[in-house]
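> Give me the fold of what follows.
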Amino acid sequence: MEMGGKATNAMPIISKLFCSSSQVVLVVRRRPRVINGGGFVVTDSSQTVVFKVDGCGVLGTKGELIVRDGDGGALLLIRRKGGVVQALSIHGQWKGYSFDYEGLQKLVFSLKEPKSCLARNNITIRTSIEHNRGHKNWDFEINGYFPDRDCSIVDSKGNIVAQVGVKKEVDEFMGSKDLYHVVIKPGIDQAFVFGVIAVLDYIYGESTRC
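Coordinates of the predicted model:
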């Protein structure tokens with residue numbers, strides 16, 4: 001599978017404002033470790049902040065994340081579903097809600113993760129978009145292993161829509177995975193992509209988790 005370079009029709013999930021007509025490379029930088037569960041910041045090639053993700057250390061609530069725009073406006077509220085049914089399920093479930101102009105929450109995507117620690121080494125995480133129910137019960141899945149910064153978001157047709165990676169020289173210099181890049185295909189909603197990455201970050205106990 002390859003990332004396509006051709007421009008495609010915009011596929012807004014949060015907003016068409018976050019869909020670019022060309023391929024985009026954004027950089028993720030973990031917030032300082034002193035902020036426990038503080039989240040991460042996303043910048044473009046000119047180092048302008050595009051998104052901020054608040055983790056439980058900022059919000060004070062476990063199993064909850066917020067994706068904000070560069071100005072700090074809330075775009076996505078992401079919650080891990082609880083309750084007896086979820087406790088007995090082999091999958092954990094996350095729900096992502098966008099905010100309309102009145103500040104009301106609207107469910108836009110769901111994400112399922114296996115609860116087994118063994119399964120996480122070879123994890124299959126699938127995401128469903130609420131307004132796009134097709135012949136499959138999922139729209140995107142994650143291939144690869146996020147803690148290695150080597151994974152991709154793939155649509156139900158097998159096309160890579162976003163790729164997480166680390167440049168070798170950066171990895172050697174930093175000595176950690178606190179700085180990595182995400183390549184996003186034309187037309188794909190960047191806010192949605194970072195909503196999924198925020199959940200992956202939390203699942204694997206990284207910058208957003210207390």
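
> Now do the contacts for the nearest residue to P32 once chain neighbours are set aside.
Leaving out its chain neighbours, the residue that sits closest to P32 by CB to CB, 6 or more residues apart in numbering is G38, at 7.2 Å. C-betas here are computed from N, CA, C, even on glycine. Counting by CB atoms under 8 Å, 6 or more residues apart in numbering, G38 touches R31, P32, D54, G55, G57, V58, S207, T208.

> and the longest helix for the protein?
As assigned by DSSP state H, the longest helix anywhere in the chain is helix 190-203.

> Centre of the chain to that one, how far?
Centre-to-centre, helix 190-203 and its host chain are 1 Å apart (CA atoms, centre = their mean, to the nearest Å).

> For that helix, C-alpha coordinates in CSV please.
Extracted C-alpha coordinates of helix 190-203, given in CSV (Å, rounded to 0.1, in the frame of the first residue of the first chain):
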residue,chain,number,x,y,z
GLN,A,190,-6.5,16.1,9.9
ALA,A,191,-8.5,16.7,13.2
PHE,A,192,-10.0,13.2,12.9
VAL,A,193,-6.5,11.7,12.3
PHE,A,194,-5.2,13.4,15.5
GLY,A,195,-8.2,12.3,17.4
VAL,A,196,-7.3,8.7,16.5
ILE,A,197,-3.6,9.3,17.4
ALA,A,198,-4.7,10.8,20.8
VAL,A,199,-6.5,7.6,21.6
LEU,A,200,-3.5,5.4,20.5
ASP,A,201,-1.3,7.6,22.7
TYR,A,202,-3.6,6.9,25.7
ILE,A,203,-4.0,3.2,25.0
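
> which residues of this structure fall in helices?
Counting by DSSP H, the helices of the chain are 56-59, 84-88, 168-174, 190-203.

> Going by mean pLDDT, which of the ones you listed comes out lowest?
Mean pLDDT is lowest for helix 84-88 among those, at a mean of 47.

> circling back: from the contacts of G38, pick the one nearest I66.
Comparing these against I66 with CB to CB places D54 closest, at 4.5 Å.

> show me what contacts that closest one?
Contacts of D54 by CB under 8 Å, 6+ apart are G38, G39, L65, I66, R68, T208.

> now those residues in TSV, with pLDDT and distance to D155?
Shown next, in TSV, are the contacts of D54 (pLDDT from 0 to 100; distance: CB to CB, whole Å):
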residue	pLDDT	distance to D155
G38	92	31
G39	95	26
L65	96	23
I66	96	25
R68	97	26
T208	93	25
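
> So which of the residues you listed wins on neighbours?
T208 (30 neighbours; other CB atoms under 10 Å).

> which stretches of this structure have low pLDDT?
1-8, 33-35, 83-91, 115-124, 131-137, 168-176 (pLDDT under 70).

> All the strands of it, in order from the start?
24-30, 39-43, 49-54, 64-69, 74-80, 91-99, 105-114, 125-129, 140-145, 150-155, 160-165, 179-184 (DSSP state E).

> Distance to V199 for the ones you listed - can I get that in a markdown table?
A markdown table is the format used below for these (distance: least, CB to CB, whole Å):
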| stretch | distance to V199 |
| --- | --- |
| strand 24-30 | 14 |
| strand 39-43 | 12 |
| strand 49-54 | 10 |
| strand 64-69 | 7 |
| strand 74-80 | 6 |
| strand 91-99 | 5 |
| strand 105-114 | 6 |
| strand 125-129 | 8 |
| strand 140-145 | 10 |
| strand 150-155 | 11 |
| strand 160-165 | 13 |
| strand 179-184 | 14 |
